[in-house]
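Undergrad: Structure for this input, please:
(one chain, ligands or ions: 1)
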Amino acid sequence: MKRKTRTMLAVSCLTLGVGAVAFAVGRQQDRLGYQDTPTIPGSKWHIHDGLRPQPKVVESGTFSTQETPGKPPSDAIILFDGKDLSRWKSDDGSPAKWKIENGAMKIGGGSISTKDQIGDCQLHIEWSSPNPPSGSGQGRGNSGVLFFGRYEIQVLDSYKAPTYPDGQASAIYGSYPPLVNASRAPGEWQTYDVLFTVPRFEGGKLTKPGYFTVFHNGVAVHNHAELLGDSNYRALPKYSPHPLRGSLTLQDHGGDHNATVRYRNIWYRDLKSYDEP
Ligand code: MG
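TA: Purely as a prediction, here's the structure:
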């Protein structure tokens, strides 16, 4: 047998072998479910399809306490773990100027944004209002978490401190008050857990609105709320077309009563469609 023929035979055997393994795995997976059931509308999979890809395994994290930040899930992308601001920048592109003290970043020197361009996601962020508190209304620990620098979830001391409802803590600023006020006292660590669906645009026109689902200190405060557009002060929210990914901004609102808002333990997870690897 000539060398070339032998090589071709070996490659063929290898291909057959790989094919056989794939077939065997397929048969094995198939035994997990069914192939003789109806196809799920909008999907290529049968009901209880054993061949449907198994979800990726993620190690869950831990919850935070007032003293200690929790551990993020294993597939989270860490934006701030209390050590440095390397994943953040100022509006002009220069390094973020906020100070880090005791594992938290403190407002000062202008708003900061992530270098990461983030899309549909799960975001976890923790913040704390100035203690002792000072000021009132919108001038009492005002900051904000702005997706793409435009869709603001308000950060404010709203613990026994009223303001207009669509501008209080965890409001989607200028659109929706939170369903309830789950605020903790000034100085205590508070959490936002957010599911964000990016609005879609085609040819400069909105084709699908964005959505926020938000938990404030573990309490649901927005349930798949449809975004009405960019957050505005004393003006209607209005959409402006943008790409599918953008930065996350933490607001430095300025003013003495807002200066000591702190953040810690910030991470996100990219959210994909079903069956996306
Ligand atoms: Mg704000």
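
Undergrad: Could you use CA atoms for every contact and neighbour count after this?
TA: Noted.

Undergrad: Quick check: next helix or strand after the helix or strand hosting residue 207?
TA: Using DSSP states H and E, residue 207 sits in strand 205-208. As assigned by DSSP H and E, the chain's next helix or strand after strand 205-208 is strand 211-216.

Undergrad: okay, that next one in PDB with CA atoms only?
TA: The C-alpha trace of strand 211-216 is given here as PDB (Å, rounded to 0.1, in the frame of the first residue of the first chain):
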ATOM      1  CA  TYR A 211     -36.800  46.600  29.300                       C
ATOM      2  CA  PHE A 212     -35.800  46.800  33.000                       C
ATOM      3  CA  THR A 213     -36.500  44.300  35.700                       C
ATOM      4  CA  VAL A 214     -35.100  45.500  39.000                       C
ATOM      5  CA  PHE A 215     -34.800  44.200  42.500                       C
ATOM      6  CA  HIS A 216     -33.900  46.700  45.200                       C
END
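
Undergrad: got the contact list for the next helix-or-strand element following that strand?
TA: With elements assigned by DSSP H and E, the helix or strand that comes after strand 211-216 is strand 219-226. The contact list for strand 219-226 (C-alpha atoms under 8 Å, 6 or more residues apart in numbering) reads 170, 178-182, 209-215.

Undergrad: Just the buried ones among the residues you listed, please.
TA: Neighbour-count burial (16 or more other C-alpha atoms under 10 Å) applied to the contacts of strand 219-226 gives 170, 178, 181-182, 209-215.

Undergrad: Reformat those as CSV; add pLDDT and distance to residue 32.
TA: Formatted as CSV, those follow (pLDDT from 0 to 100; distance: C-alpha to C-alpha, whole Å):
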residue, pLDDT, distance to residue 32
170, 98, 43
178, 98, 43
181, 98, 46
182, 98, 43
209, 98, 38
210, 98, 37
211, 98, 35
212, 98, 36
213, 98, 34
214, 98, 36
215, 98, 36
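
Undergrad: List just the nearest of the residues you listed to residue 98.
TA: residue 170 (22.4 Å; C-alpha to C-alpha).

Undergrad: isn't the closest one right up against residue 151?
TA: No - using C-alpha atoms under 8 Å, residue 170 is not in contact with residue 151, being 12.0 Å away.

Undergrad: Which positions in the strand holding residue 207 come out as buried?
TA: Result for strand 205-208 [16+ other C-alpha under 10 Å]: no buried residues.

Undergrad: Please renumber the chain so that the first residue is 45 from this point on.
TA: Fine by me, first position is 45 from now on; the one you just mentioned is strand 249-252.

Undergrad: ok, now which ones touch residue 166?
TA: With C-alpha under 8 Å, 6+ apart, residue 166 has these contacts: 237-240, 312-315.

Undergrad: Filter these down to just the ones in helices.
TA: Among those, no member is found in helices (DSSP state H).

Undergrad: filter those down to the ones close to the ion.
TA: By C-alpha under 5 Å from the ion, no member of the contacts of residue 166 lies near the ion.

Undergrad: Filter the residues you listed down to the buried ones and hand me the ChimeraX line.
TA: Of the contacts of residue 166, the buried ones go into a single ChimeraX selection, burial set by 16+ other C-alpha under 10 Å:
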select :237,238,239,240,312,313
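
Undergrad: Number of residues surrounding residue 191?
TA: By other C-alpha atoms under 10 Å, 21 other residues sit near residue 191.

Undergrad: if we can go back for a sec, quick one: which of the contacts of strand 263-270 is nearest the ion?
TA: residue 214 (9.9 Å; C-alpha to the ion).

Undergrad: hang on, the earlier thing: got the contacts of strand 263-270 as CSV, with distance to the ion columns?
TA: Output for the contacts of strand 263-270, formatted as CSV (distance: C-alpha to the ion, whole Å):
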residue, distance to the ion
214, 10
222, 14
223, 18
224, 18
225, 16
226, 17
253, 22
254, 20
255, 19
256, 17
257, 18
258, 16
259, 18
